[in-house]
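*Asks:* I need the structure of the sequence given here:
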Amino acid sequence: MALIKLTAPDDLHEPSMLVALDGWVDAGSAATNAAERVAEGGAIIAEFDGDALFDYRARRPALEIRDGRPRTLTWSKLTITRSTYGARDILVLTGAEPDFRWRELSKELVALVQKLGVVQWISLGAIPAAVPHTRPVPILGTASKPGLLKGNVQAGPTGTLRVPAACISVLDVAVSKAGIPAVGYFAQIPHYLNGPYATAALALLEVVNRHLEVEIPPGGLANEAMLLRQRLDTAAASDESTRQYVERLEAMTDEARLPEGDDLIADIERFLRERGNDLGGSGRPN
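*Replies:* Numbering: from 1, shown residues only. Next up is the predicted model:
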């Protein structure tokens with residue numbers, strides 16, 4: 001496998017593969033933060049060839065300079081970590097979304113998961129949506145066949161939807177075609193936020209716990225989510241137009257409906273332009 005350096009353990013028992021990549025479908029870093037919590041304390045069993053997969057002009061390494069002297073470089077990484085919870089082996093594939101060679105990478109990963117005896121593939125993601133921060137995080141599901149999703153998560157959206165694909169979707173399709181059961185859980189986060197959204201990361205971790213029937217503790221995510229909620233509530237309460245906007249989203253969520261497309265776009269653009277910075281963002285959606 002040209003793109004993967006594997007240190008294969010010989011005692012894996014029907015492992016599950018959990019996947020989260022930064023970038024296109026990782027709004028608020030929710031998916032990667034949840035995956036990193038699952039991987040915390042585990043052992044790295046596979047590393048990927050960053051020189052072949054990453055565009056370093058887009059993902060420049062971080063240079064640390066001490067007292068005027070260049071000292072260290074930190075490069076983008078993509079790894080697989082083995083974590084064990086009870087009798088359950090979980091292989092966590094996470095890191096930077098590759099810039100190059102997606103089809104070649106998907107072929108190598110199919111061969112790898114077959115070699116390791118992976119019994120299921122679980123993708124995590126997060127997307128901006130017209131939802132308020134004051135309601136539970138909605139989770140959308142995808143599945144390679146009916147009956148795979150757990151925890152009352154429904155497959156959706158209904159009908160046909162064409163969107164630009166992320167690398168994680170390319171990998172998901174490849175393993176599905178190879179006959180490996182594959183599901184995806186995608187958190188919807190408030191479009192008016194920018195930066196890490198621990199609330200959605202915590203929701204995705206809870207979904208993983210239900211799906212795999214394990215108890216992975218939240219670690220610092222629970223406290224981060226609580227503090228973030230307090231900051232957002234304070235920001236919304238301090239401005240009348242912000243409060244009214246959040247209340248409109250609450251009403252639409254409670255009625256399980258969405259606004260008309262043109263109205264929503266106009267509202268989002270106006271709100272982000274006028275109030276995005278007040279909610280800890282840059283005035284742009286994730």
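*Asks:* ranges for the strands of the stretch 101-250 of the chain?
*Replies:* Under the criterion DSSP state E, counting those that start in this stretch, the stretch 101-250 of the chain contains strands at 120-129, 139-143, 182-190.
*Asks:* which stretch among these comes nearest Glu104?
*Replies:* Distance to Glu104, taken as Cβ to Cβ, is lowest for strand 120-129 among the strands of the stretch 101-250 of the chain, at 18.3 Å. Glycine gets a C-beta too; all of them are placed from N, C-alpha and C.
*Asks:* on that earlier part again, between the strands of the stretch 101-250 of the chain, which gets nearest to Ser83?
*Replies:* Ser83 lies closest to strand 120-129 among those, at 13.0 Å (Cβ to Cβ).
*Asks:* Now render the strands of the stretch 101-250 of the chain as a markdown table, adding mean pLDDT, distance to Val153 and mean neighbour count.
*Replies:* Below are those laid out as a markdown table (pLDDT from 0 to 100; distance: least, Cβ to Cβ, whole Å; neighbours: other Cβ atoms under 10 Å):
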| stretch | mean pLDDT | distance to Val153 | mean neighbour count |
| --- | --- | --- | --- |
| strand 120-129 | 95 | 12 | 24 |
| strand 139-143 | 95 | 4 | 19 |
| strand 182-190 | 96 | 6 | 25 |
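*Asks:* what about the stretch 1-150 of the chain, any weak spots by pLDDT?
*Replies:* 1 (pLDDT under 70).
*Asks:* mind checking how far Ile139 is from Ile127?
*Replies:* 11 Å (Cβ to Cβ, to the nearest Å).
*Asks:* Please enumerate the shared neighbours of the two.
*Replies:* 186-188 (Cβ atoms under 8 Å, 6 or more residues apart in numbering).
*Asks:* Save those residues as JSON lines, and put in distance to Thr234 too.
*Replies:* Converted to JSON lines, the shared contacts of Ile139 and Ile127 look like this (distance: Cβ to Cβ, whole Å):
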{"residue": "Phe186", "distance to Thr234": "29"}
{"residue": "Ala187", "distance to Thr234": "23"}
{"residue": "Gln188", "distance to Thr234": "23"}
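*Asks:* and Pro164, which of the strands of the stretch 101-250 of the chain is closest to it?
*Replies:* Smallest distance to Pro164 across the strands of the stretch 101-250 of the chain (Cβ to Cβ): 11.9 Å, for strand 120-129.
*Asks:* distance between that closest one and the chain's centre?
*Replies:* Put simply, strand 120-129 sits 5 Å off its chain's centre (Cα atoms, centre = their mean, to the nearest Å).
*Asks:* do stretch 159-170 as well
*Replies:* Counting by Cα atoms, centre = their mean, stretch 159-170 comes out at 15 Å from the chain centroid.
*Asks:* Understood, closing this out.
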